[in-house]
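K.L.:
What follows is a predicted protein model with its sequence.
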Amino acid sequence: MVSDMWEALSVFVVSLLLAYPLGGYLATILQDRPMKGDGIFKWIEKPIYALIGVKNHGMNWKQYLSAFLLSNLCLLVFSIIILMTQAWLPLNPDHVPNMNWDLALHTSISFLTNTDQQHYSGQAQLSYFSQMTMITGLQFISPLIGLTLVVAVLRALFLQSTHNENKKTWASINLGNYWRDIVRVLFRFLLPITFAFSLLLNSQGVPSTLSVGPTVQTIENNSQHIPLGPVAAMVAIKQLGSNGGGWYGPNSAAPLENPTPFSNWLEMVAILLIPLAVIFMVARFVQRKKLMWMIFGSMLFMSIISTSLSLWTEQYSLQPNDALLEGKELRFGAESSALWSALTTQVNNGSVNMMHDSQSPLTGLVEMCNMLINAIWGGIGCGLLQFLIYLFLAVFIAGLMTGRTPEIFGYKIETTEIKLLSVVILLQPIVILILTAIALANPTLTGNSNPAFHAISQVFYEYTSAYANNGSGFAGLGNNTVWWNVSASIALLAGRYSTLIVPLLIAVSLASKQKVAQGKGTLNIESVTFALMLIGIVLILTLLQFMPVLVLGPIADFLSIQL
């Protein structure tokens with residue numbers, strides 16, 4: 001246990017030390033000011049701007065959301081076409097067949113929404129071409145989409161001109177340029193750091209080749225084909241981009257995807273690195289250091305609690321029953337895998353180095369709570385947006401408690417903002433619980449491998465993971481069916497786009513108002529007291545909405561094993 005705590009500490013410390021300067025660099029990129037390297041990067045960026053018709057001016061909310069939705073629609077159509085025609089496309093040495101429409105739809109939506117929930121068996125159902133273009137391509141673009149939306153929200157709330165306060169409208173709020181944000185961060189930040197990380201992984205033995213894999217003789221004297229491919233690049237962006245989808249079906253539990261203890265440690269650092277950098281970006285981008293430290297402190301507090309519980313529950317479950325080692329990654333140890341599972345569900349990553357279905361029911365409970373909160377660190381951009389949703393809610397509740405009109409950043413929270421906030425808060429339980437109830441009421445739909453309480457956990461985990469854009473899952477569901485592919489796609493779309501769009505609309509609505517002067521009664525949201533209240537609201541909201549299914553699922557599952 002002590003060694004595992006040291007491993008957890010080293011992952012957090014190294015991630016923090018790397019993320020802080022990266023956050024400052026990311027802020028400089030998004031401020032669109034002259035910087036070192038412009039001569040090289042502009043040579044790359046200008047032809048792209050010309051190709052897609054990007055002009056150097058800001059967008060209002062309609063233009064920004066139109067560009068966002070158009071890009072997502074085009075990427076979705078392009079991805080489905082690739083998957084449904086991959087058998088006829090190049091770079092298919094293993095002769096992988098075309099995907100069915102429902103699996104192609106789910107896979108495309110899953111990777112477009114930065115979820116990477118996989119209802120297919122890794123490399124067995126994807127050609128090299130599909131992996132390199134559609135899968136890896138979306139793993140670069142989807143996190144950037146989340147980042148651009150949170151940057152647009154920050155611009156609306158903090159970077160609007162103070163002139164003509166009485167004439168501000170929704171249409172007058174400048175959110176920046178969607179296309180420029182994506183292109184600049186892609187070439188100046190994400191591609192370079194992914195290239196460096198892929199070299200590190202390749203040095204540990206992660207394959208990087210276009211050659212067909214060898215066929216070898218096993219010790220049972222049978223022939224076995226070993227699939228290879230340009231794996232290192234995909235593993236690098238799957239971890240750094242909060243994606244999580246693996247080249248191989250077992251994900252980072254596969255030795256070729258995660259060969260050594262050092263690669264295991266590197267991949268855990270990569271899970272945290274960019275979500276932390278986005279938080280540190282806030283301080284320089286909007287010049288609000290106290291706000292950044294409040295956000296960071298709140299997330300760190302929840303992360304420490306979650307990580308400690310995961311390590312403790314997994315160790316506790318192994319003490320009386322070594323049979324629970326089934327499905328655990330013994331190369332790194334059960335507790336080290338529990339650390340990974342905590343980080344991958346605190347961040348919208350979803351990669352695994354063990355089978356989550358084989359964990360202690362209480363460890364699974366912690367993971368479910370991480371995903372229901374979805375803002376302990378969260379994904380790139382979307383985690384901070386989810387935190388802002390909780391922040392708006394906490395300010396509203398605090399205003400009711402003190403008898404004042406709720407105010408945040410100098411703007412009053414009124415009817416429009418509360419209606420939008422209600423939509424995003426209520427949508428989560430409506431979607432997850434209704435889909436879970438339908439699946440459980442019709443056992444023929446689920447293809448479930450377990451009875452009773454664990455079956456509830458499996459189904460609930462699948463929809464929670466989809467809605468949280470996490471992508472991890474409890475193994476055992478026969479989920480490559482029309483029902484699972486379509487219903488999970490609904491959860492994927494609802495979770496992703498509500499979290500991205502609603503905070504932007506709230507921010508634009510607030511920014512269009514006249515600022516009010518701060519007084520003695522103004523709530524100080526950058527204090528420890530407010531941070532603790534916010535954490536309490538997050539926990540109460542999560543537990544109260546989902547307590548019945550958590551009791552019937554993982555808690556009852558744990559008690560049934562103990563008794």
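P.N.:
The structure has been received and is ready for your questions.
K.L.:
use CA for all of it now, contacts and neighbours both
P.N.:
Fine.
K.L.:
Show me what whatever helix or strand Thr416 lives in is packed up against.
P.N.:
Element membership for Thr416, per DSSP states H and E: helix 415-441. If contacts are counted by 3 or more C-alpha pairs under 8 Å, 6 or more residues apart in numbering; DSSP states H and E, helix 415-441 sits against helix 382-402, helix 443-446, helix 452-467, helix 482-511.
K.L.:
average pLDDT for it?
P.N.:
Mean pLDDT, helix 415-441: 94.
K.L.:
and it with helix 482-511, angle?
P.N.:
Orientation check (axes from the mean of the first three to the mean of the last three C-alpha atoms, to 10 degrees): helix 415-441 against helix 482-511 gives 170 degrees.
K.L.:
can you redo the helices and strands packed on helix 415-441 as JSON lines with mean neighbour count?
P.N.:
As requested, those are exported to JSON lines (neighbours: other C-alpha atoms under 10 Å):
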{"stretch": "helix 382-402", "mean neighbour count": "21"}
{"stretch": "helix 443-446", "mean neighbour count": "15"}
{"stretch": "helix 452-467", "mean neighbour count": "25"}
{"stretch": "helix 482-511", "mean neighbour count": "22"}
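K.L.:
Out of these, which gets nearest to Trp101?
P.N.:
Closest approach to Trp101 among these (C-alpha to C-alpha): helix 482-511, 9.0 Å.
K.L.:
Relative to the whole chain's centre, how far out is the closest one?
P.N.:
13 Å (C-alpha atoms, centre = their mean, to the nearest Å).
K.L.:
do stretch 452-469 as well
P.N.:
Counting by C-alpha atoms, centre = their mean, stretch 452-469 comes out at 17 Å from the chain centroid.
K.L.:
Would you mind putting the CA coordinates of that stretch into PDB?
P.N.:
Provided in PDB are the C-alpha atoms of stretch 452-469 (Å, rounded to 0.1, in the frame of the first residue of the first chain):
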ATOM      1  CA  ALA A 452     -28.700  -9.800  -9.900                       C
ATOM      2  CA  PHE A 453     -26.900  -6.700  -8.500                       C
ATOM      3  CA  HIS A 454     -23.800  -6.900 -10.700                       C
ATOM      4  CA  ALA A 455     -26.000  -6.800 -13.800                       C
ATOM      5  CA  ILE A 456     -27.400  -3.500 -12.600                       C
ATOM      6  CA  SER A 457     -23.900  -2.200 -12.100                       C
ATOM      7  CA  GLN A 458     -22.800  -3.300 -15.600                       C
ATOM      8  CA  VAL A 459     -25.700  -1.600 -17.400                       C
ATOM      9  CA  PHE A 460     -25.700   1.600 -15.300                       C
ATOM     10  CA  TYR A 461     -21.900   1.900 -15.700                       C
ATOM     11  CA  GLU A 462     -22.200   1.600 -19.500                       C
ATOM     12  CA  TYR A 463     -24.700   4.500 -19.800                       C
ATOM     13  CA  THR A 464     -22.900   6.600 -17.100                       C
ATOM     14  CA  SER A 465     -19.600   6.100 -19.000                       C
ATOM     15  CA  ALA A 466     -21.200   7.100 -22.200                       C
ATOM     16  CA  TYR A 467     -22.900  10.200 -20.800                       C
ATOM     17  CA  ALA A 468     -19.800  11.300 -19.000                       C
ATOM     18  CA  ASN A 469     -17.800  10.900 -22.300                       C
END
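K.L.:
Switch the helices and strands packed on helix 415-441 over to TSV; also include distance to Leu65.
P.N.:
Converted to TSV, those look like this (distance: least, C-alpha to C-alpha, whole Å):
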stretch	distance to Leu65
helix 382-402	15
helix 443-446	36
helix 452-467	21
helix 482-511	8
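K.L.:
Of the ones you listed, which shows the lowest average pLDDT?
P.N.:
Here the lowest mean pLDDT among those goes to helix 443-446, at a mean of 79.
K.L.:
That helix - contacts with which helices or strands?
P.N.:
helix 415-441, helix 482-511.
K.L.:
Now distance to Ile80 too, for those, in TSV please.
P.N.:
Below are those laid out as TSV (distance: least, C-alpha to C-alpha, whole Å):
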stretch	distance to Ile80
helix 415-441	24
helix 482-511	13
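K.L.:
Please name whichever of those helices is nearest to Ser172.
P.N.:
So among the helices and strands packed on helix 443-446, helix 482-511 is nearest, using C-alpha to C-alpha, at 9.4 Å.
K.L.:
Contacts for the helix or strand just after that closest one next, please.
P.N.:
Sequence order places helix 528-550 as the next helix or strand after helix 482-511, per DSSP H and E. Helix 528-550 has contacts (C-alpha atoms under 8 Å, 6 or more residues apart in numbering) with 294-295, 297-298, 302, 365, 369, 372-373, 390-391, 394, 429, 456-457, 460, 524-525.
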